[in-house]
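Student: Based on what follows, work out the 3D shape:
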Amino acid sequence: MALVRGVQAKRKRVIFLCNRVHLVEQTSRRFTKAGITHGIIQGENTARVYESVLVGSIQTIARRGMPEVDLILIDEAHTVAGSKEYRAVIAAAKGIPVIGLSATPYARGLGKHYDELGGPLFEHMTVAATIPDLIEAGYLVDCDVYAPSEPDMTGIKQARNAFGDMDYTDADVGRAANKPELVGDIVTHWLRLARGTPTVCFAANIAHSKHIVERFHAAGVAAEHIDCYTDEEERRAILARVETGETMVISNVGILAEGWDFPACRTLILARPTRSLIRYIQMAGRVLRPHASKDRALILDHSGSVVRLGFPTEEFPLELDDGTPRDAKGGQDEREKPLPKACSSCSYVKTVHKCPVCGFAPERRANVDVRAGDLVPITKKTKPPKMEKQELYSQLLHIAEQQGYKSGWVSNKYREYFGVWPRGMRDVAAPPGREVMGFIKHLKIKHAKEREAEHADA
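Tutor: Model prediction:
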């Protein structure tokens with residue numbers, strides 16, 4: 001809003017581009033509520049194109065051409081790298097400043113050089129605030145996470161998704177997740193932990209989503225399904241019933257992941273396994289917005305995503321991806337398995353040994369193997385103590401400077417060693433020792449084997 005008002009104050013023209021019809025409508029409503037007079041360029045709904053503020057559909061703009069404007073704002077900018085329409089529009093609008101807005105700027109190629117653009121897609125990233133910053137300031141709420149069950153993803157194929165992330169293929173993930181015992185578990189735990197709360201569910205595919213809705217109906221819960229084939233009038237009616245509370249659970253595959261704005265939604269059911277950080281954060285973002293009816297959000301993870309990718313409210317490294325291979329610069333697909341684990345007693349996801357909800361603290365098992373006959377103690381091989389955090393950070397910094405790696409490489413390698421992001425480190429480089437060089441060599445071998453496995457599955 002501040003950017004738009006600033007352009008208006010200078011008597012300039014701005015267009016706000018969206019990649020979906022419902023986002024055009026939603027943006028228009030927000031501008032109207034904020035008292036910003038505007039026009040719309042979107043198919044048959046085009047009107048008042050003479051206004052100084054325009055809200056446009058990228059599909060319509062790509063067909064009709066860009067009107068005369070002084071600034072282009074792009075909503076959900078993480079989708080731009082994978083969109084030929086966006087790149088063509090930006091290339092045609094030479095000389096016009098472009099600002100992309102995104103809560104998940106992790107997509108591959110956002111900083112990549114394109115010949116038709118004569119340079120990178122986006123040149124600089126400005127971080128207004130991180131997710132922890134927004135929570136602390138009250139612009140987002142924190143969340144509690146339970147992970148009662150998850151599908152077996154062993155052997156499930158992966159491929160690049162629209163964001164450039166390696167993710168599970170839709171067909172295989174549907175077969176793994178859409179099983180009666182798993183769907184039944186979704187309803188059982190919602191009734192125990194989230195009964196009566198406005199809920200959004202993300203399923204593996206349309207059949208899975210409809211199956212989940214059927215089981216909620218059988219339990220006497222008002223639930224509805226929505227997908228890309230739902231016509232606009234019916235979609236508006238369904239979402240209106242969700243907002244009034246007539247419908248308690250709204251289930252979908254991914255159509256509500258971007259841009260759907262219903263702050264009162266408190267509970268998220270993650271029924272779709274994913275390895276994509278962007279997809280994961282977008283889904284989680286549906287329940288993190290503040291509302292008078294909630295102090296915290298609730299996530300019921302039946303997908304294994306939280307223990308695979310970490311809490312959606314933690315801080316992630318932010319830098320524009322320039323399209324180079326992820327292993328050379330520490331991309332998101334190199335992230336070490338995160339620390340959160342589900343309590344074996346109550347399923348609450350935690351990072352501490354003793355569960356803060358039920359108080360259960362699993363006992364460590366003695367390293368003794370009991371056999372018929374003699375008792376034979378089995379001693380666990382102890383690893384040498386890890387080096388000091390500043391020591392590792394400084395040595396990684398030296399390697400990054402010598403090899404021309406970006407700061408994200410240092411942060412990701414640090415986390416792969418310690419399991420946490422670097423905080424409070426001094427930017428002082430130091431020559432790497434034998435342990436650090438061995439660690440880097442181990443990671444290169446590991447990632448090379450992972451790439452070979454990916455190619456074998458493709």
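
Student: Would you mind writing the CA trace of stretch 286-305 as PDB?
Tutor: C-alpha atoms of stretch 286-305 as PDB (Å, rounded to 0.1, in the frame of the first residue of the first chain):
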ATOM      1  CA  ARG A 286      -2.700 -19.600   5.500                       C
ATOM      2  CA  VAL A 287      -3.000 -19.900   9.300                       C
ATOM      3  CA  LEU A 288      -0.200 -17.600  10.500                       C
ATOM      4  CA  ARG A 289      -2.000 -14.300  10.000                       C
ATOM      5  CA  PRO A 290      -3.200 -12.700  13.200                       C
ATOM      6  CA  HIS A 291      -6.900 -12.500  14.100                       C
ATOM      7  CA  ALA A 292      -8.800 -11.600  17.300                       C
ATOM      8  CA  SER A 293     -10.100 -15.200  17.500                       C
ATOM      9  CA  LYS A 294      -6.700 -16.800  17.900                       C
ATOM     10  CA  ASP A 295      -3.400 -16.300  19.800                       C
ATOM     11  CA  ARG A 296      -1.600 -19.100  18.000                       C
ATOM     12  CA  ALA A 297      -2.100 -21.200  14.900                       C
ATOM     13  CA  LEU A 298      -2.300 -25.000  15.000                       C
ATOM     14  CA  ILE A 299      -0.700 -27.300  12.400                       C
ATOM     15  CA  LEU A 300      -1.700 -31.000  12.100                       C
ATOM     16  CA  ASP A 301       1.100 -32.500  10.000                       C
ATOM     17  CA  HIS A 302       0.200 -35.800   8.400                       C
ATOM     18  CA  SER A 303       2.800 -35.400   5.700                       C
ATOM     19  CA  GLY A 304       6.200 -35.500   7.500                       C
ATOM     20  CA  SER A 305       6.900 -31.900   6.200                       C
END
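
Student: Can you give me the buried ones in the longest helix along the chain?
Tutor: Longest helix in the chain, counting residues (DSSP state H): helix 434-457. For helix 434-457, a neighbour-count test (16 or more other CB atoms under 10 Å) marks 436, 439-440, 443, 447 as buried. (C-beta placed from N, C-alpha, C; glycine too.)

Student: cool, and stretch 401-420?
Tutor: By neighbour count on 16+ other CB under 10 Å, the buried set for stretch 401-420 is 405-417.

Student: what's the farthest-apart pair in the residues you listed?
Tutor: Using CB to CB, the pair of those lying farthest apart is K406 and Y417, separated by 18.0 Å.

Student: So if we follow the domain assignment, how does the protein break up?
Tutor: As recorded under automatic domain parsing, the domains making up the chain are 2-101, 131-350, 389-457.

Student: so which of those domains is the most packed in?
Tutor: With neighbours defined as mean count of other CB atoms under 10 Å, these peak in mean count at domain 131-350, which reaches a mean of 19.

Student: What is the end-to-end distance of it?
Tutor: End-to-end distance of domain 131-350 (CA to CA, to the nearest Å): 19 Å.

Student: Which positions within stretch 96-116 qualify as buried?
Tutor: For stretch 96-116, by 16+ other CB under 10 Å, it's 98, 100, 102-112.

Student: who does the longest helix of the chain touch, helix- and strand-wise?
Tutor: Applying 3 or more CB pairs under 8 Å, 6 or more residues apart in numbering; DSSP states H and E, one finds that helix 434-457 contacts helix 326-329, helix 389-403, helix 407-418.

Student: For H291, find the nearest of these.
Tutor: Nearest to H291, of all these, is helix 407-418, at 32.6 Å by CB to CB.

Student: which strands and helices sit next to that closest one?
Tutor: Taking 3+ CB pairs under 8 Å, 6+ apart as the contact cut, helix 407-418 packs with helix 326-329, helix 389-403, helix 434-457.

Student: quick check: angle from that helix to helix 434-457?
Tutor: Going by axes from the mean of the first three to the mean of the last three CA atoms, to 10 degrees, helix 407-418 is angled at 100 degrees with respect to helix 434-457.

Student: How far does helix 407-418 sit from its chain's centre?
Tutor: Distance of helix 407-418 from its chain centroid, counting by CA atoms, centre = their mean, to the nearest Å, is 19 Å.
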